[in-house]
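A.B. asks: Predicted structure and sequence below. I'll ask about it afterward.
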Amino acid sequence: MSKVIITVSLTGGVQTKVDNPNLPEQPDEIAEDAYNCFNEGASIAHFHARNKEGKPSGDVEIFKEIHAAVKAKCNIIIQDSTGGGPGLNFEQRLACLDAEPEMASLNMGSMLRTIGKSAGTTWANPRVELERFAGEMLKRDIKAEMEIYHHGMIREMKNFINKGLIKKPYYVNFVMGMAYQGAVEATWQNLTTIVHQLPPDTIFNCCAIGRAQIPITTLSVLLGGHARVGMEDNIYYSKGVLAKSNAQMVAKSVKIIRDIDYEIASPDEAREILGLKKA
């Protein structure tokens, strides 16, 4: 049985300090939170960049600042987001690759936002751009984490495989319960059916939005996968109680996973599982 990889998604592209004042936005607080998450058992940190006003940014210099601050503290795996956030174009979303992360997210299709200030706007990820993003990651030896929001997106993953745009072991993250038209609800039925459609040589991770975070990520582990937690996906520690930090959320998940007799992967063990270079 492989050890469980815990990913922490610290900031995201939507939540703000108005939603939870403990959300890390600037490089120094992001790095400190990532270090605390590493100490609690996280082996991958998923980063979004924010400008000085706290808005999503694709500025490569901000990503470099985050990376440097994190590397000075620990050897957690650095994974940048190419999803970015509302308002960023394709070039801005892709710019983080110039900061040379070990991994990067790759969203696998287009959907329509349904809530918030951006409701009714399209989050466009056409195939031609997906292939370009995958090609850039492959060229730079950056491991793609394919973000899959519904069963149909596995078709795009198979397109990557057929065109040699991703390397084994393939790595996907199921995003469940997101408020997009087309995204699947965070239910055990959806998770179990989508897992059974994965191509061979695929490692899967899972995240879930809001109160579904812990139940669904725990089920992911029981099904042979891995887990992502953090304030990008859920700003609450428990019902009505805002999370004090991402490290608090990692600690909660780690305790549950250990209580059901699974072991937690260190960053170097996660690198071995995922086929990454040693740090």
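C.D. replies: Sure, I can see it.
A.B. asks: what residue ranges in this structure score low on pLDDT?
C.D. replies: 1 (pLDDT under 70).
A.B. asks: ok, which stretches of it are helices?
C.D. replies: 27-40, 60-71, 90-94, 127-139, 154-162, 188-195, 213-222, 246-259, 267-274 (DSSP state H).
A.B. asks: Redo the ones you listed as JSON lines? Include mean neighbour count.
C.D. replies: (Each C-beta comes from the backbone N, C-alpha and C, glycine too.) Below are the helices of the chain laid out as JSON lines (neighbours: other C-beta atoms under 10 Å):
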{"stretch": "helix 27-40", "mean neighbour count": "21"}
{"stretch": "helix 60-71", "mean neighbour count": "19"}
{"stretch": "helix 90-94", "mean neighbour count": "17"}
{"stretch": "helix 127-139", "mean neighbour count": "17"}
{"stretch": "helix 154-162", "mean neighbour count": "16"}
{"stretch": "helix 188-195", "mean neighbour count": "15"}
{"stretch": "helix 213-222", "mean neighbour count": "20"}
{"stretch": "helix 246-259", "mean neighbour count": "19"}
{"stretch": "helix 267-274", "mean neighbour count": "19"}
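A.B. asks: Quick one: those as TSV, columns for distance to Asn173 too.
C.D. replies: Below are the helices of the chain laid out as TSV (distance: least, C-beta to C-beta, whole Å):
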stretch	distance to Asn173
helix 27-40	17
helix 60-71	19
helix 90-94	17
helix 127-139	14
helix 154-162	12
helix 188-195	12
helix 213-222	10
helix 246-259	15
helix 267-274	12
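A.B. asks: The ones you listed: which one's closest to Thr202?
C.D. replies: Thr202 lies closest to helix 154-162 among the helices of the chain, at 8.1 Å (C-beta to C-beta).
A.B. asks: For the closest one, which helices and strands make contact with it?
C.D. replies: helix 127-139, strand 143-148, strand 170-176 (3 or more C-beta pairs under 8 Å, 6 or more residues apart in numbering; DSSP states H and E).
A.B. asks: From Cys37, how far out is Ser253?
C.D. replies: Here the criterion is C-beta to C-beta, to the nearest Å. By it, Ser253 lies 10 Å from Cys37.
A.B. asks: circling back: closest to Ala69 out of the helices and strands packed on helix 154-162?
C.D. replies: It's strand 143-148; of the helices and strands packed on helix 154-162, that one is closest to Ala69 (C-beta to C-beta) at 21.6 Å.
A.B. asks: Dump the helices and strands packed on helix 154-162 to CSV, plus distance to Ala69.
C.D. replies: What follows is the helices and strands packed on helix 154-162, written out as CSV (distance: least, C-beta to C-beta, whole Å):
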stretch, distance to Ala69
helix 127-139, 23
strand 143-148, 22
strand 170-176, 24
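A.B. asks: who wins for proximity to Pro215 among these?
C.D. replies: Closest of the helices and strands packed on helix 154-162 to Pro215 is strand 170-176, at 10.4 Å (criterion: C-beta to C-beta).
A.B. asks: Extract the CA atoms of the closest one and return them as CSV.
C.D. replies: Listed next in CSV are the C-alpha coordinates belonging to strand 170-176 (Å, rounded to 0.1, in the frame of the first residue of the first chain):
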residue,chain,number,x,y,z
TYR,A,170,-0.2,10.1,-14.8
TYR,A,171,-1.6,12.3,-12.0
VAL,A,172,-5.1,13.6,-11.7
ASN,A,173,-7.0,15.6,-9.1
PHE,A,174,-10.7,15.2,-8.9
VAL,A,175,-12.3,18.5,-8.0
MET,A,176,-15.8,17.8,-6.5
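A.B. asks: Before I go, just wanted to say thanks for your time.
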